Structure formats: structure tokens, C-alpha cells
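Asker: Got a predicted model here, sequence first, then my questions.
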Amino acid sequence: MAVKNEKLEKLEKANKSDVAKIGKVLFTQEQITKRAKEIAAEIDRDFEGEDIILLCTLKGSILWMADIMKYMKSDAKIDFIQASSYGASTTSSGIVKISHEPTLNMYEKVVIVIEDIVDTGRTLAYLLPKLQERGPKTVKLCTMLNKNARREDHIEADYIGFEVDDLFIIGYGLDFDQRFRGLPYISYLDMEEVEKL
Ligand code: PRP
């Protein structure tokens with residue numbers, strides 16, 4: 001997520017441990033692991049014997065993707081797609097461009113898009129029809145986080161790790177200006193605490 005908020009400038013100087021102190025933990029590694037195992041088992045059940053492609057949306061989804069593929073018993077293929085949305089600050093502009101295309105043939109395959117978060121829904125409202133053009137048997141959506149508060153496009157995930165409120169979420173793949181993706185839990189930044197840094 002790109003951020004151009006002057007009030008947040010101090011965060012640019014903060015290191016991972018500073019943020020770990022102020023970030024309020026929403027979901028621990030244990031909770032995430034438990035949910036990933038449950039969802040991986042659901043996918044195994046739903047698509048037993050099918051050719052599955054797990055399609056990771058870069059960059060935020062890499063840790064959730066790793067969990068899902070690790071805990072699935074089915075031997076899914078993996079691929080990557082990157083969509084960039086252009087516009088200012090913390091909200092996306094609605095203009096989405098694919099900056100990295102998947103390489104596997106999706107024709108007649110079960111494609112499961114692995115997302116870190118569905119927020120306004122704009123990214124997926126653009127991506128999902130594009131994927132349909134490749135002739136997959138079906139396209140499903142598995143998101144680690146679902147934030148309904150700011151939804152603009154009607155996007156409904158098939159597998160949801162956790163519902164979240166309208167918070168500035170970091171960690172477990174999610175960034176603040178490309179940083180803090182490596183935090184091994186999901187947390188959020190409280191702006192008042194950022195001010196005290
Ligand atoms: C984030 C996230 C989703 C999208 C959700 O990606 O990974 O793809 O925004 O927002 P939306 O529902 O409002 O469209 P981002 O563009 O920040 O890229 P990143 O994954 O590289 O951080």
C-alpha cells in the first residue's frame with residue numbers, strides 16, 4: 001500500500017521492533033496457522049482430484065500463500081500475478097494495471113486466487129474478469145483478510161481467513177510503504193501511537 005501522509009513520516013524512520021511495540025496485534029501466528037490449515041483442508045475437500053493452480057497476488061500475499069500451499073494435501077501448481085493500482089495515498093484510484101502476468105496455462109484448471117486483503121474490491125474487480133479470459137474451469141478467491149467497511153465493488157471471497165475492521169493493517173505480508181511485511185503476525189497501526197514514536 002502506498003502512503004503519502006505527512007503525519008506518518010516518523011514511521012519511515014521506525015524499525016521493525018519499534019513497530020512491533022506500537023502495532024496492536026489482531027491475529028497471532030498461531031491463529032493464522034490454525035485458519036490456514038482449516039482453509040487448506042476445505043480446498044482439498046472442494047477440489048479433490050482436480051488440477052489446481054494457486055495464484056498468489058504479489059506482493060502482500062506471499063506468507064498466506066506459503067501457508068495455504070504448505071497445509072494443502074493436494075499437489076497444487078503455483079503461479080504469481082501482480083496488479084498495481086495507481087493513485088494517491090492509502091486509497092486506490094481504481095485504475096489497475098497488471099505488472100506481472102501469470103505464466104501457467106489456466107485453461108480448464110481450477111484457479112484459486114490467493115489474496116492478502118480485499119479492501120475496496122477494485123483490484124479484484126479488475127483482475128477476476130481478466131483471469132476468466134484464460135478459460136479456467138473455475139476461479140475461486142481465498143483471502144487472508146476481508147475488510148467490508150470500504151467495499152466499492154461487489155467482491156465476495158470463497159474462503160476468508162478473518163474479517164477485519166477499517167484499520168491500517170500491517171504484517172504477515174501487508175506493508176506500510178513497502179515495509180514491515182515480515183512481521184510474523186497481523187497487526188494494525190494506531191495513529192496516536194505513531195505520533196509518539
Ligand atoms: C493490496 C492487496 C490487494 C489490494 C486490495 O495490494 O494486496 O491486492 O491492495 O485493495 P482493494 O480491494 O482496495 O483493491 P497493494 O496494491 O497494496 O500491493 P501489495 O500487495 O504489493 O502491497
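Answerer: Everything's here; your move. Residues are numbered from 1 along each chain as shown.

Asker: what bits of this protein have low per-residue confidence?
Answerer: For the chain, applying pLDDT under 70 flags the ranges 1-8, 20-22, 86-94, 196-197.

Asker: Repeat the analysis, applying 80 as the threshold.
Answerer: By pLDDT under 80, the low-scoring segments of the chain are 1-23, 85-94, 191-197.

Asker: what's the residue closest to the geometric middle of it?
Answerer: For the chain, the residue nearest the mean C-alpha position is D116 (1.2 Å; C-alpha atoms, centre = their mean).

Asker: So it versus K140, what's the distance?
Answerer: 16 Å (C-beta to C-beta, to the nearest Å). Glycine gets a C-beta too; all of them are placed from N, C-alpha and C.

Asker: Get me the contact residues on this protein for the ligand.
Answerer: Residues of the chain found near the ligand (C-beta under 6 Å from any ligand atom) are 1, 57-60, 85, 92, 115-123, 175.

Asker: Filter those residues down to the buried ones and hand me the ChimeraX line.
Answerer: The command below creates a ChimeraX selection of those among the residues of the chain next to the ligand that count as buried (16 or more other C-beta atoms under 10 Å):
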select :1,57,58,60,85,92,115,116,117,118,119,120,121,122,123,175
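
Asker: who are the neighbours of the helix or strand containing I117, in terms of helices and strands?
Answerer: Counting by DSSP states H and E, the element that carries I117 is strand 110-118. Counting contacts by 3 or more C-beta pairs under 8 Å, 6 or more residues apart in numbering; DSSP states H and E, strand 110-118 is packed against strand 52-58, helix 62-71, helix 122-132, strand 138-146.
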